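> here is a sequence together with a model predicted from it:
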Amino acid sequence: MSKEQILSSDGIPLEKSLKIAERKNKLKAVLLVAPLFLFILIIYVFPIGEMLFRSVDDRMITKMLPKTFNAMEKWDGKDLPDEEVYKGLYDDLTYLKKNKTYGKIIARLNYEKSGFSSLIKKTVRKINKFEEGNYKEQFIKVHKRWGKNEYLVALKNTAPNWSYAKYLKGMDRKFDQDRNIVQVEEDRRIHKILWLRTLNVAFWVTIFCFVLAYPISHLLATLPMKYSNLLMICVLLPFWTSLLVRTSSWMVLLQQQGPINDLIVWIGLAADDNRPELMYNVIGTFVAMTQILLPFMVLPLYSVMKTISPSLMRAGKSLGGTPLVSFVKIYFPLTIPGIGAGCLLVFILAIGYYITPALVGGASGSLISNTIAYHMKSSLDWAFASALGTMLLVGVLAIYWVYNKLVGIDNIKLG
Amino acid sequence: MGNDHFVRFENVDKSYDGKQLVVKGLNLDIEEGEFVTMLGPSGSGKTTCLMMLAGFETPTNGQIYLDNKVISDIPPHKRGIGMVFQNYALFPHMTVYENLAFPLRVRKIPKDEADKKVDKALSMVSLQGFESRMPMQLSGGQQQRVAVARSLVFDPQLVLMDEPLGALDKNLRESMQYEIKHIHESIGVTVVYVTHDQTEALTMSNRIAVFNDGKVQQLSSPDELYERPVNSFVAEFIGENNTFAGEVTDVSGDKCKVKLNSGTEILANPIVAKSKGEKTTVSLRPERALIDPETKMDNNHKGKIEEVIYHGDHTRLRVDLLGNKDFILKVPNSSNRMDIKEGRDINIGWNSVDCRALDPK
């Protein structure tokens, strides 16, 4: 039997008339979603895209030295380049000097190879006195570094529009002269330490939060209403307090002459003149971050535990399971979605935490986010900050992926 | 049957807040192998009694014995009592097999023996082949059966059931009633069953304990309970009931005269109200009153039909009789009586034996 088209009662094909009937609703739905969609686009997709872009964007110098790079294309980098390259360089630098914009390339080139700063400055100062022709000689006369192959190779290396050098830097690696990836000098390998410390802090903060939050959530879920409401307020009250206030109160508590140290001395765990440092190191970061992130563990756990019927534990006991066995075999497995959600949430928040480590972490307790902030605000190496941010984002996505593989993301319950 | 006080409540009191007693001086003996139902309205203390027996609540006063041993100090997991919960309480993260194997695994029963027991329990509730399903994939009735099987799989001497059929629809509930009854009959386990549904209680039980206000009002077999309620609460709670309020004016042997508030005197069976001058509520089952009785009955009065309600197999009449405007009569559908019409006067007769003079309400 051939497939016949079903018609609605007025003779229009059913599929078509269904579409017409649904069109209005669809339009309404789209209009309702549109503001949110735009909001996400502007506030989320665009900045992340921008960040990704900025971390690999290296077009500035390419635009500023167009003739040089054009001439360098044919150069193999083995011997000194010929006259054409120096001619290009002369044209570019003259143009830059006229527009007073050569400052920008100094920073970029100096990052590629130190020594470029004085080289460019000196060259630009004297470039007016150059005569037509034989630029190569004149350049080398101004500064002998123009006669060294390594500087010219370094210059050529900055030519591509896109570069992932910032990512290498984030992993304590760099390009050497021959474009091989090598580790940076031993005393400059700070990022690896930072990454490891960030992961370590996030891991332990997650563990501490879990250990503290599990009994609290259980209490919250099982206490009679009037007590559980009070306890809930106790959990949420710090949550509603400003982050800065909470961190500062930890600074008050943890400082060397603070109440906690007073208590330690009073108990006799430490001498008065040898008070332990609880702040401006990793201890402070642990303590303050655990307290601040605790609600993010409590809430998903609570919402899951709330749905576990108390009769399940009773059933376990009535069937002969001791309270411990009933807990391990029945209650605990049922809370796993909450544990997963809480741990994922706390870990991801902790990995990118900024204010608390900045205030109480000191040098040994500062995390990757603090480095990102430093490059945003102080060193102004936005490309590097973007690269670190992107690495962090990729790390978080990787954790999410691993979690999905291990536990399954549909097994998550945030409330 | 064996021990006739296999389960014994002795003067058990229970209070949750120290202000009110939920269970008041409860005494109850349950025979081994019996099916006893605790029946009562919500808040009557029946579930509390069950929870005390299971070990999830402790009696405030008094003792509970199981097989002549005091069990107040034994934690629930050592009592070896099977239990079926209101919402089944199947472990949602375990398969049917794992649910059933749980009580066996914690008892360290070897796997092959456990498998046999699980298989037997599942065949008892005709659910073979469902071992690897998760509870969520089962219908309400199937979940119910798994819960029953799980409560029986470790061969407990006593099984408690806390309104297990409450969440099922009517038809399923009825068939499950028979199923549970048959399981009980075939394995002879002692069952204590809690419900607020009287039909359920009447269908399944050997004996029914009617609870009200923290006390057992009557403990007897279903027919005894229906035919011979010992007080007004039981008479009202079980089945339908017509009542007249009045005062005993004369007692002679197994009959007494009761003067109703409307002034008429009727003959009744003195059960609670046994002496002259006592206030009483007279209780009469609807099916014991007949219209135009052919044989002689010792109560005969005229009433006016107020309402006719068609019920298929029978017709229900609401009659204004002796000052009671809600007197209910049941007329079987077999006789083709055309004279049943609203507003008509009819003769109603009943025997004094069926008309029980109980305590005043």
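On my side now, so go ahead.

> for residue 222, which non-adjacent residue is spatially closest?
No chain specified, so I'll use chain A. residue A:310 (7.0 Å; CB to CB, 6 or more residues apart in numbering or on different chains). Any C-beta I mention is one placed from the backbone N, CA and C, and that applies to glycine too.

> that was the other one, I meant chain B.
Spatial nearest neighbour of residue B:222, chain neighbours left out: residue B:202 (4.4 Å); criterion: CB to CB, 6+ apart.

> mind pulling up the pLDDT for that neighbour?
Note on residue B:202: pLDDT of 88.

> same question, residue B:2
The model reports residue B:2 with a pLDDT of 61.

> and the residue of the stretch 101-250 of chain A found nearest chain B, how far from residue B:272?
Nearest residue of the stretch 101-250 of chain A to chain B (CB to the nearest CB) works out as residue A:224 at 11.1 Å. Going from residue A:224 to residue B:272 by CB to CB, to the nearest Å gives 42 Å.

> of those two, who's got more company?
residue B:272 (16 against 7; other CB atoms under 10 Å in any protein chain shown).

> looks like the more buried one contacts residue B:358 (just checking).
Yes: between residue B:272 and residue B:358 a contact is recorded at 4.7 Å, counting by CB atoms under 8 Å.

> got any residues that touch both of those two?
Common contacts of residue B:272 and residue B:358 (CB atoms under 8 Å, 6 or more residues apart in numbering or on different chains): B:230-231, B:280.

> which ones among the residues you listed map onto strands?
Here DSSP state E is the test, and these give residue B:280 as lying in strands.

> just among the shared contacts of residue B:272 and residue B:358, which is most surrounded?
Using other CB under 10 Å as the neighbour criterion, residue B:280 leads these with 28 neighbours.

> that residue: what's it in contact with?
Residue B:280 neighbours (CB under 8 Å, 6+ apart): B:245-248, B:258, B:268, B:272-273, B:357-360.

> helix, strand or coil: sort out the residue in the stretch 101-250 of chain B positioned nearest to chain A for me.
The nearest approach of the stretch 101-250 of chain B to chain A comes at residue B:103, 3.8 Å away (CB to the nearest CB). The local conformation at residue B:103, judged by DSSP: H, G, I helix; E, B strand; the rest coil, is helix.

> surely it touches residue B:153?
Yes: taking CB under 8 Å as the definition, residue B:103 is a contact partner of residue B:153 at 6.1 Å.

> residue 306 - how many residues pack around it?
As the question left the chain open, I've gone with chain A. Neighbours of residue A:306 using other CB under 10 Å come to 14.

> chain B was what I was after
15.

> identify the residues contacting the nearest residue to it once chain neighbours are set aside.
Leaving aside its sequence neighbours, residue B:306 sits nearest to residue B:318 (CB to CB, 6+ apart; 4.7 Å). By CB under 8 Å, 6+ apart, the contact set of residue B:318 is B:305-309, B:325-328.

> rewinding a little: and the residue of the stretch 101-250 of chain A closest to chain B, what pLDDT?
pLDDT recorded at residue A:224 is 87.

> phi, psi for it please.
Backbone torsions for residue A:224, taken as degrees, to the nearest 10, come to phi -60, psi 150.
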